[in-house]
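Undergrad: what follows is a predicted structure for the sequence shown.
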Amino acid sequence: MAQDFRHSRTWKLGDQADDGSVETLGNGRLLAYLRGPDLIHLWGPTLSSPNLAALRLAGPPGVETISRREAGAAIWQHEVRLHGRTVGRITDGVDPELACLVRLIESQVSLRFDLATGAVRPGRTGPASRLVTFPPGARVYGEHFAAPSPFSLHVSCLGAAVPGEPVGGAGLLTLTCGPGRSGVLLVAGNDWPGAVVAAEQAEALGPEAMLARTRRHWAAWNARRQLPPLAGPLAQAVGEAAEDVDLAIATQRSREGGVVAGHNYCLAYVRDQYGVSRGMLALGRTDEARGILEFYRRIHERYGRIHNAQSIYEPTTFHVHENDAVEMTGYLIVQAFDYLDRTDDTEFVRTLAPMLEWAFASQEACLTRGMLPFNGDETYVAGGLVPRSVLRHGSAEATALFIAGGRRLAAWLRTQGLWGAVRASEATARLAEAEAAYRESFLVDGRLLVNHPALAELQPPPRFRHGVCLGTPPGPHPGGFGWTEHYPPDGRYLCPECLAHATPQPVTPQRYYLASVALTPVLVGWPWCSADEARAQVETALRGFGDAQARFAPCAEGRAFPGYELGVLLYGMVAVGHPAVEEVARALLALRDPTGVWVEYYAGGQPRGTRARPWESALDLVGLVAATAPPGKG
């Protein structure tokens, strides 16, 4: 019986024009990212870890592969081709019980792999195995953080696989596999004994047995998916996309509940978790949506705060950006009430009350003339679609989230007896202030704009802030991340090195428009305007993607937008009953990369930035489900 596969991507040795798409494999304790047959990142047994290994198919010359995902499973098979003929197959999966990446190689020719671990203590535990350790202090997330505990990686070579000796002190070694049947097991542990014991268990099972139970695991996982009934000509395509997104999220979800933000980001970002939670709820995975909220509840209980992103290990390392008190705190509140609406799990949400009160008060303290500023890691700011010079401007998105979440929270806390009349009245007054000012602040000529420059003049600039240095050449450190200081002549924030070389470079304030920001109130359920005005906002957003013939053209030359932009647009179109829903849904489906999911940004229709993104993929799926599910079911 022929095996059923999903998707196909081609990889060629030495190809500089590879499409860059990334396959994800994981079990909550180990997360592997592959680019074709090349392993590019391996994180575990906590998903915020040093990059434990990169494994590159290095020969023979002329080798290429065609990678396909097994239907219904996070298992990828790579057909190995040499000089136009098929000579073998590589099968990759992550075992559901052990922190083990399983690679089964069946080849008629000898294949060579280069394994780089970056570890400083390579060793051996047997003639066909190697063990490398990463001591406490090993770098996590680039050079940003130091791991508080050790990590170990055990490499087991089985069958026709033969490991070479490590080269130098960086743990680089060559694996020769075949001809014949080979197995390579990469097993992660928090310490040397744990990695060795787990590797012995994996070796005793063998690759075939572990891949078999991996298939059983994913079959059971898929059986629990609960999409609403889908209808119309795109129902099948959306159902298949749901499987892709579901597996992309599941493989990048930690056992602690947080979901990493993609192959560049081994941290849990609050904003990203909101989109992921919406996707989980659309997939019927309420337990997993609850798990995200529990993850943040635990952090808040321990530290009394949450930042833009946090590590998925203890003690928590915080990734602090500019203005972390806003935007992501609003998403956190909205996320909790999305979950409550879906589950009626009042008892659990009551346990979140201290965290949600903190999130509201954090935003409340930043409110000036009914506006909040920008969080410094907004997707469209980080991607350069809106410049960092707007960070002290009023933010339409952050302000809308404050209102949408705050309205629900204030009423709910009062109903639950968790807020008294005085506190509820104070909160209601601040929310009313923001609601009353929203139109004047952000609506210009019928368009809801991203920013309002006036806020920068109304709030005194803090002397120091933690985030991105806005120095420019010839400054020595532009774009660096860390503590920065305000430079009064032009308002930029600069690191010490750039501050010492600074000359004034004033930026004229501008106002910006993005469809996803204009439709954020619709996405989070805040009816800030009339039904006719909501339809007008959707029409304006849709026209922004038209070409000279007024056709929908999201891939027009030079156009850049966040990877969730069309998903939010589609959701807004469904909300107002727009007739072009199917056209936009087809365009959104066509943007997926060869692994079936969406990416961080698009420019001219081409993927840019981080691949295999849970946040963008989840929100795009939410739009597609809304477009194909019966009314009220999406």
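TA: Cool, the structure landed. Numbering: from 1, shown residues only.

Undergrad: let me see the domain layout of the protein.
TA: 5-223, 235-453+509-628 (automatic domain parsing).

Undergrad: by mean pLDDT, show me the worst of those domains.
TA: Among these, domain 5-223 carries the lowest mean pLDDT, a mean of 92.

Undergrad: that one: end-to-end distance?
TA: Domain 5-223 has an end-to-end distance of 18 Å (Cα to Cα, to the nearest Å).

Undergrad: tell me the buried residues in the helix or strand hosting residue 627?
TA: If you go by DSSP states H and E, residue 627 is part of helix 614-628. For helix 614-628, a neighbour-count test (16 or more other Cβ atoms under 10 Å) marks 614-628 as buried. Placement of C-beta: from N, CA and C, glycine included.

Undergrad: same check on stretch 364-379?
TA: If you call a residue buried by 16+ other Cβ under 10 Å, then stretch 364-379 has these buried ones: 364, 366-367, 370-379.

Undergrad: helices of the stretch 451-600 of the chain, start to end?
TA: Secondary structure of the stretch 451-600 of the chain by DSSP state H, counting those that start in this stretch: the helices cover 455-458, 496-500, 515-518, 520-523, 531-543, 565-576, 581-590.

Undergrad: from residue 95, how far off is the residue nearest to the spatial centre of the chain?
TA: Nearest to the mean C-alpha position of the chain, counting by Cα atoms, centre = their mean, stands residue 261 at 2.6 Å. Distance, residue 261 to residue 95, using Cβ to Cβ, to the nearest Å: 24 Å.

Undergrad: any chance of the buried residues of stretch 364-379 in JSON lines, plus secondary structure and distance to residue 222?
TA: Output for the buried residues of stretch 364-379, formatted as JSON lines (DSSP: H, G, I helix; E, B strand; the rest coil; distance: Cβ to Cβ, whole Å):
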{"residue": "364", "secondary structure": "helix", "distance to residue 222": "43"}
{"residue": "366", "secondary structure": "coil", "distance to residue 222": "43"}
{"residue": "367", "secondary structure": "coil", "distance to residue 222": "45"}
{"residue": "370", "secondary structure": "coil", "distance to residue 222": "47"}
{"residue": "371", "secondary structure": "strand", "distance to residue 222": "45"}
{"residue": "372", "secondary structure": "coil", "distance to residue 222": "41"}
{"residue": "373", "secondary structure": "coil", "distance to residue 222": "43"}
{"residue": "374", "secondary structure": "coil", "distance to residue 222": "39"}
{"residue": "375", "secondary structure": "coil", "distance to residue 222": "35"}
{"residue": "376", "secondary structure": "coil", "distance to residue 222": "39"}
{"residue": "377", "secondary structure": "coil", "distance to residue 222": "33"}
{"residue": "378", "secondary structure": "coil", "distance to residue 222": "34"}
{"residue": "379", "secondary structure": "helix", "distance to residue 222": "30"}
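
Undergrad: packing partners of the helix or strand residue 361 falls within?
TA: Applying DSSP H and E as the criterion places residue 361 in helix 353-364. Helix 353-364 is packed against helix 286-303, helix 328-343, helix 396-415, helix 421-442, with contacts defined by 3 or more Cβ pairs under 8 Å, 6 or more residues apart in numbering; DSSP states H and E.

Undergrad: from the middle of its chain, how far away would whichever helix or strand comes after that helix be?
TA: The helix or strand immediately downstream of helix 353-364 is helix 379-382, counting by DSSP H and E. Offset of helix 379-382 from its chain centre (Cα atoms, centre = their mean, to the nearest Å): 13 Å.

Undergrad: got the contact list for helix 379-382?
TA: Residues from elsewhere that reach helix 379-382 (Cβ atoms under 8 Å, 6 or more residues apart in numbering): 271, 374, 386-388, 390-391, 450, 514, 516-517, 562, 564, 600, 615.

Undergrad: again, but for stretch 569-583
TA: Counting by Cβ under 8 Å, 6+ apart, 232-234, 515-516, 519, 522-523, 531, 534-535, 537-539, 541-542, 545, 552, 584-585, 588, 619-620, 622-624, 626-627, 634 sit against stretch 569-583.

Undergrad: tell me the buried residues within these.
TA: Buried among the contacts of stretch 569-583 (16+ other Cβ under 10 Å): 234, 515-516, 519, 522-523, 534-535, 537-538, 541-542, 545, 552, 584-585, 588, 619-620, 622-624, 626-627, 634.

Undergrad: now, among the buried residues of stretch 364-379, which is nearest to residue 20?
TA: For the buried residues of stretch 364-379, the residue nearest residue 20 by Cβ to Cβ is residue 379; the value is 18.7 Å.

Undergrad: where's that closest one relative to residue 224, distance?
TA: 30 Å.

Undergrad: can you point me to the longest strand in the chain?
TA: Looking across the chain with DSSP state E, the single longest strand is strand 173-189.
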